[in-house]
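K.L.:
Need coordinates for the below:
(chains A, B, C and D)
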2 protein chains.
Amino acid sequence: MKLASNLQEQVASHLRRRILSGQLLPDTPLREQTLAEEFGISRGPIRDALLHLTKEGLLVAKPNVGVKVAAEPSGLKRNVIVHLRREIEASAVTAWFGARDAGLLGRLDDNLALYREACGGSDLGQVVELDMAFHRLIVEAADQGSLVDLWLPIMLRMFLRYSRHRDLMESYREHAAIVRAMHAGREWEALEALKSHIV
Amino acid sequence: MKLASNLQEQVASHLRRRILSGQLLPDTPLREQTLAEEFGISRGPIRDALLHLTKEGLLVAKPNVGVKVAAEPSGLKRNVIVHLRREIEASAVTAWFGARDAGLLGRLDDNLALYREACGGSDLGQVVELDMAFHRLIVEAADQGSLVDLWLPIMLRMFLRYSRHRDLMESYREHAAIVRAMHAGREWEALEALKSHIV
DNA sequence: TGAATGTCATTTGTCAACAATCAATACCCA
DNA sequence: TGGGTATTGATTGTTGACAAATGACATTCA
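P.N.:
Numbering: from 1, shown residues only, chains lettered A, B, ... in the order given. Below you'll find the model as predicted:
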């Protein structure tokens, strides 16, 4: 976990985590002044952070009124988001099979170990964090990470509705299956496992 | 053309237009102080605007250093972007065919007339503006416009490399073909025309 | 009554001054 | 001469005060 030197990033990370872990529910309003006092800083960096999160799709803003936590995407939108994520991550995996940099495999293995542990525990925030990190590793590995900024807002919108009732261990097994196929060099299998995992 | 009441949006629109029309080339640095003096306002709204554009992918920021105009997307990234745009806009068109709200057809017809004129002229900024507006109308029409915020950053990244040498009139004819198919109620034809137009 | 208008508190928008950081370069010393 | 280090100027990061906009509520007049 890297911590940024500037306040706006720290605030953004903190709020992002609280939203994704479900501590902040949709429609919850966030006031600049309140947050400023809560963090013990001025409104400036808070503004920046809220702007960040708004552009990431986690908040919605109305001029002169304020921001609130975004609602879960509608059926159509969610469906589109799933397709976009598949497209991006599949492209990344395909690109990886062109070079097969072993570094990625190591990082995925490390992540898997932590993820397995987290899925057994009760800290949903940690689970979300590691799940996202897994997919981020894959996207980062392709094309010098150029796809990350495209992928992140899409991923975040999807995680707005991180199912509170999903079978976490099943999710872990799906991650493991993807990595196993990559280790074995079976591209088609990896892509199929990836696509069926993104739902 | 709607003009926002708050400065940050005005600044963002202005800079966005200058970047998309090619007046500001990739890697051009943008300094907060300089822009503030240029617009005759303080650095606050400038900061907000730059943050906006950074999240939209038109600028890239380095902490404590500043922002510059983003480079054109790499081959792989551009390829992904094309697929994402097709996915989103095709979904929107499909959704439209489910309801066939006539209002959209009228707006598209109006846009087409203006676009034809602009393509004959020499104001590339105007052409870009209308081209984007055309696709935006389509995306906005579906699902109460919920797809717009997903679509916009993708669209903008693609327009970073708005071909300065493309055949504008051909582009107009492609737009017209899409609208014609929609008027006639031929869904498959509209989707094909749309997909082959996005390249 | 009820629609229109005025007011008031809350919240965001804007500003200018100050602090922290970075990158380039001049400097020192082996 | 070359490598490492302090200095300096430019630029972003942060702050607190003030201005403007909004929405809710009270008030007025037909």
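
K.L.:
doesn't B:Ser91 make contact with A:Asn79?
P.N.:
Yes. With contact defined as C-beta atoms under 8 Å, A:Asn79 and B:Ser91 form a contacting pair (7.5 Å). All C-beta atoms are positioned from the backbone trio N, CA, C, and that covers glycine.

K.L.:
okay, those two: which has more neighbours?
P.N.:
B:Ser91 (21 against 12; other C-beta atoms under 10 Å in any protein chain shown).

K.L.:
Kindly tell me how buried A:Leu20 is, as a neighbour count.
P.N.:
Other residues near A:Leu20 come to 20 when the count uses other C-beta under 10 Å.

K.L.:
The one 5 residues further on now?
P.N.:
Here the number of neighbours of A:Leu25 (other C-beta under 10 Å) works out to 10.

K.L.:
For it, which non-adjacent residue is spatially closest?
P.N.:
A:Val69 (6.5 Å; C-beta to C-beta, 6 or more residues apart in numbering or on different chains).

K.L.:
Contacts only, for the one you found.
P.N.:
Residues in contact with A:Val69 (C-beta atoms under 8 Å, 6 or more residues apart in numbering or on different chains) are A:Ile19, A:Leu24, A:Leu25, A:Pro26, A:Asp27, A:Thr28, A:Leu30, A:Leu58, A:Leu59.

K.L.:
now these: which count as buried?
P.N.:
Buried positions within the contacts of A:Val69, assessed by neighbour count (16 or more other C-beta atoms under 10 Å in any protein chain shown), are A:Ile19, A:Leu24, A:Leu30, A:Leu58, A:Leu59.

K.L.:
what are the phi and psi angles of the second one?
P.N.:
So that's A:Leu24. phi -110, psi 110 (degrees, to the nearest 10).

K.L.:
Thought A:Leu15 was touching it, still the case?
P.N.:
Yes. Assessed by C-beta under 8 Å, A:Leu24 is found in contact with A:Leu15 at 7.4 Å.

K.L.:
where do the helices sit along chain A?
P.N.:
Here chain A has its helices, by DSSP state H, at A:7-20, A:32-39, A:43-55, A:75-99, A:102-120, A:124-141, A:148-159, A:168-184, A:187-197.

K.L.:
so which of these gets nearest B:Pro153?
P.N.:
helix A:148-159 (6.9 Å; C-beta to C-beta).

K.L.:
Distance of the residue at the greatest distance from the centre of chain A relative to B:Ala141?
P.N.:
Computed with C-alpha atoms, centre = their mean, the residue of chain A farthest from its C-alpha average is A:Asn64, at 29.4 Å. Distance, A:Asn64 to B:Ala141, using C-beta to C-beta, to the nearest Å: 28 Å.

K.L.:
Quote the end-to-end distance of stretch A:183-190.
P.N.:
9 Å (C-alpha to C-alpha, to the nearest Å).

K.L.:
With stretch A:13-33 instead?
P.N.:
18 Å.

K.L.:
hmm, it touching DNA strand C?
P.N.:
Yes. Stretch A:13-33 reaches DNA strand C (C-beta under 7 Å from any atom of the strand) through A:Leu30, A:Arg31, A:Glu32, A:Gln33.

K.L.:
Can you go through those residues and name the buried ones?
P.N.:
Using 16+ other C-beta under 10 Å, the buried ones in those are A:Leu30, A:Glu32.

K.L.:
Looking at the residues of stretch A:13-33 next to DNA strand C, spot the one nearest B:Arg186.
P.N.:
Ranked by distance to B:Arg186 (C-beta to C-beta), those are led by A:Leu30 at 46.7 Å.

K.L.:
tell me the contacts of the residue in chain A that DNA strand C sits nearest to?
P.N.:
Closest residue of chain A to DNA strand C, C-beta to the nearest atom of the strand: A:Gly66 (2.9 Å). Shown in contact with A:Gly66 (C-beta under 8 Å, 6+ apart): A:Pro29, A:Leu30, A:Arg31, A:Glu32.
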